[in-house]
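In: 3D, please:
(chains A and B)
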Amino acid sequence: MTQAASLGPASLDPASLDPDAAQRAIEYCYEQGWSDGLPLVPATRPLVDQFLAHTSRDPGEVIGTLEQVGRGCTVYLAAVNAAMAGCRPEYFPVVLAAFGALMAERAARGGGWQSTSGPAPLIVVNGPVRAELGFNATGGVFGPGFRANATVARAIGLIVRNAFGIHPHVLEQATQGVPGRWSICIAENEEESPWEPFSVGGGVPAGTSAVSATLLRTSEFVDNRHSHHPEDVLWDLADTISRTGAQIFKEASAGVVLCPEHAQMFAGAGYSRAAVQEWLMARCGRLPADLRRAGKGDLSKISPEDEARQAAAGAGEISRTMMSSRQLPVIVAGARNAAISMVVRVFGEWSGTAVPVEVPAEVTAGAPAGARAGTGTR
Amino acid sequence: MPNAILDPTGQADRTSAGPAFTLARRRPGLRGARVGLLVNTKRNADLLLEEVGRLLMKEQGAGSVMARTKLAFAQPVTEDMLTELTTGCDVVVTGVGDCGSCSASAVTDGIMLEGRGIPAAVICSDAFGASADAIASLRGAPGYRYLTTPHPVAVLTPDEVRDRARQLVGDIVSLLASDGTAGGTADGTADSTADGTAGGAADGEAAA
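Out: As a prediction, this is how the structure comes out:
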């Protein structure tokens, strides 16, 4: 018989714990090559059964395959990896939704995990599950410090490593990688956002918990506490979005995680989310001469004839990099304490899909009440 | 009795792999051979393979060249294109694997072609040996031989790309033909590195 798992603050009597055994188990996991570098929670059947009790999906259901390496992930394997990542069992539906959202991304189904660019998933959580499970949506939203945010993102990384078998220096060929890989899971600050939840644009109604995801090549701050004019701040964002180093094709996606202060400034001046996107899409890009100066002249969409004509008229036109709002998702997150927003560099193009978080009809494994937001999860 | 620690890979209880991988049977030489070029869309891959095809026609007496371009460099070749290559060609040259995903998928393409009886010469940049070797093992063909050329390839000028083709062609012949006779390559490097080690051949520097 297997021993029953005991989870939750009520059972954590220090005298009953065996830290020496825990350390040996952690070392065993390292020796198997399962770790991303940090200690893993050794997963056992009773623990994983608690994860599986939080979904109605069959443990054998395949939730993603990576055809080029002949590997796949089942609900069961996702649960093992989520447990090892340090998730609580009740986070598991969020992990499944996040993985589902990522597998809707062309880059994640293709070569993204193996790429020299080493992209990081950006996971965005919307809806009541944020408060229920303690996801941080406000100060320090890019982390660290919050178990739900940190472990859901880490679970995705462990699935890619263990279920898909993509290891650094082997099938994963990141040149430098990206700060924050496997740790960027943000909840949208819906309470201080002037707009509808981000997930609504992904097809899930407001009030329903949902996860959206894409891959990022980096994140770059735009600190503008200097101006009260929305267009000034938009120009500041456009400058970061338009840098030549980020452009490798004629089009280049970006994304903006606006702090509440910037979002509210835009909304106060009448900008909808779509209007912010349109403003930036019309102005992000570079002059052909700028691209040439960086050795990227062939990325210009402006013909030499048009460029000459514009030069004669004394007005150069930029080669626009974004033509669709899916190339520029706009999210609101962070604290309302400074006008600092983040440009995120979307790898490829966001699928435009949000995945609802399953709410099981009845959880039989007895989820501990301590899992509620703010009671021991932070 | 403590609970067992669960394996997160799903590979622990995997049954042993299928039938052992065997290379496609080599033809004596490339004279009259129908050569397939599988271009993976990476920058300069088209010119490199085109030049290889030209040299194989001119110097090895290959009968024809048929070029096909992959739809997605990160993925293995599609079934339709694979069928087209196996029915229309006697040997295939493919590349250039010069990124994480495309190095792996180029080697996969080579292994799939071999499995269908078509000798393949896969060209990767020498920065991606780990990825290429790993996928060969994953695909049941550990030690599968492919060719390398110095990294990077994407930034080379057209003349430099043609030089690379020149440097590679002898080893391509060695890899595709049983007698390994590279008849009359101009720089005489043809057999210098065809030593049978995976990834060790044709680094091109001998002729540089």
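In: Going by C-alpha atoms from here, please, whenever you check contacts or count neighbours.
Out: Noted.
In: Show me the strands in the chain, by range?
Out: You didn't say which chain, so I picked chain A. Shown for chain A, the strands assigned by DSSP state E span residues A:62-66, A:71-74, A:120-126, A:185-187, A:210-223, A:255-258, A:285-286, A:319-320, A:330-332, A:340-346, A:354-356.
In: Please refer instead to chain B.
Out: Under DSSP E, chain B gives strands at B:34-39, B:64-69, B:91-97, B:120-125, B:147-149.
In: returning to what we had before: right, so of the strands of chain A, which gets closest to B:Gly100?
Out: The closest of these to B:Gly100 is strand A:62-66. By Cα to Cα, the value is 14.1 Å.
In: dump the residue contacts of the closest residue to A:Leu299 other than its chain neighbours.
Out: Nearest residue to A:Leu299 in three dimensions, chain neighbours excluded: A:Lys250, at 4.7 Å (Cα to Cα, 6 or more residues apart in numbering or on different chains). Counting by Cα atoms under 8 Å, 6 or more residues apart in numbering or on different chains, A:Lys250 touches A:Leu299, A:Ser300, A:Lys301, A:Thr321.
In: What separation do you get for the residue lying closest to the third one once chain neighbours are set aside and A:Gly245?
Out: If I follow you right, that is A:Lys301. Spatial nearest neighbour of A:Lys301, excluding adjacent residues (Cα to Cα, 6+ apart): A:Ser319 at 5.5 Å. Using Cα to Cα, to the nearest Å, A:Ser319 is found at 15 Å from A:Gly245.
In: what do you get for B:Phe21?
Out: 44 Å.
In: neighbour count winner among those two?
Out: Comparing B:Phe21 with A:Gly245 by other Cα atoms under 10 Å in any protein chain shown, the one with more neighbours is B:Phe21, at 15 against 9.
In: hang on, isn't the more buried one packed against B:Ala141?
Out: Yes. If you go by Cα atoms under 8 Å, B:Phe21 and B:Ala141 touch, sitting 5.6 Å apart.
In: Now do the shared contacts for those two.
Out: By Cα under 8 Å, 6+ apart, no residue touches both B:Phe21 and B:Ala141.
In: A:Ser193 contacts A:Ala263, doesn't it?
Out: Yes. Taking contacts as Cα under 8 Å, A:Ser193 lies within contact range of A:Ala263: 6.7 Å.
In: and the gap between the residue nearest to A:Leu299 and B:Thr69?
Out: Applying Cα to Cα to A:Lys250 and B:Thr69 gives a distance of 21 Å.
In: Spit out the residues that contact A:Ser193 and A:Ala263 alike.
Out: In contact with both A:Ser193 and A:Ala263: A:Val332, using Cα under 8 Å, 6+ apart.
In: Pull out the buried positions in stretch B:51-70.
Out: By neighbour count on 16 or more other Cα atoms under 10 Å in any protein chain shown, the buried set for stretch B:51-70 is B:51-57, B:59-60, B:62, B:64-65, B:67-70.
In: If you could redo that for stretch A:171-179, that was the one I meant.
Out: Buried, per 16+ other Cα under 10 Å, within stretch A:171-179: A:Leu171, A:Glu172, A:Gln173, A:Ala174, A:Gly177, A:Val178.
In: looking at it, B:Thr9 is touching A:Leu77, isn't it?
Out: Yes. B:Thr9 is within contact range of A:Leu77, at 7.1 Å (criterion: Cα under 8 Å).
In: shared neighbours of the two, anything?
Out: Residues touching both B:Thr9 and A:Leu77 by Cα under 8 Å, 6+ apart: A:Ala163.
In: Up against chain B, what does the stretch 101-250 of chain A have?
Out: For the stretch 101-250 of chain A, the residues in contact with chain B (Cα under 8 Å from any Cα of the partner chain) are A:110-112, A:114-116, A:159, A:162-165, A:169-174.
In: can you rerun that using 10 Å?
Out: A:107, A:109-118, A:158-175 (Cα under 10 Å from any Cα of the partner chain).
In: Can you tell me which of these are buried?
Out: A:107, A:109-118, A:158-168, A:170-174.
In: The residue positioned nearest the centre of chain B: what's it in contact with?
Out: Chain B has B:Val122 as the residue nearest its centroid, 0.6 Å off, counting by Cα atoms, centre = their mean. For B:Val122, the contact set (Cα atoms under 10 Å, 6 or more residues apart in numbering or on different chains) comprises B:38, B:92-97, B:103, B:106-111, B:132, B:144-148, B:172, B:175, B:199.
In: farthest pair in the buried residues of stretch B:51-70?
Out: B:Glu59 and B:Lys70 (26.8 Å).
In: sorry, back to before: of the strands of chain B, which is nearest A:Ala333?
Out: strand B:91-97 (39.7 Å).
In: Check whether that closest one comes into contact with chain A.
Out: No. No part of strand B:91-97 sits near chain A under the criterion Cα under 10 Å from any Cα; the closest distance found is 12.0 Å.
In: what's the closest residue to B:Leu82 other than its chain neighbours in contact with, if anything?
Out: Nearest residue to B:Leu82, sequence neighbours excluded (Cα to Cα, 6+ apart): B:Leu113, at 7.4 Å. Counting by Cα under 10 Å, 6+ apart, B:Leu113 touches B:23-24, B:77, B:82-83, B:85-86, B:91-92, B:107, B:119-121.
In: circling back: dump the strands of chain B into a markdown table; add mean pLDDT and distance to B:Thr157 as well.
Out: Putting those into a markdown table (pLDDT from 0 to 100; distance: least, Cα to Cα, whole Å) gives the following:
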| stretch | mean pLDDT | distance to B:Thr157 |
| --- | --- | --- |
| strand B:34-39 | 98 | 18 |
| strand B:64-69 | 97 | 21 |
| strand B:91-97 | 96 | 15 |
| strand B:120-125 | 97 | 16 |
| strand B:147-149 | 97 | 15 |
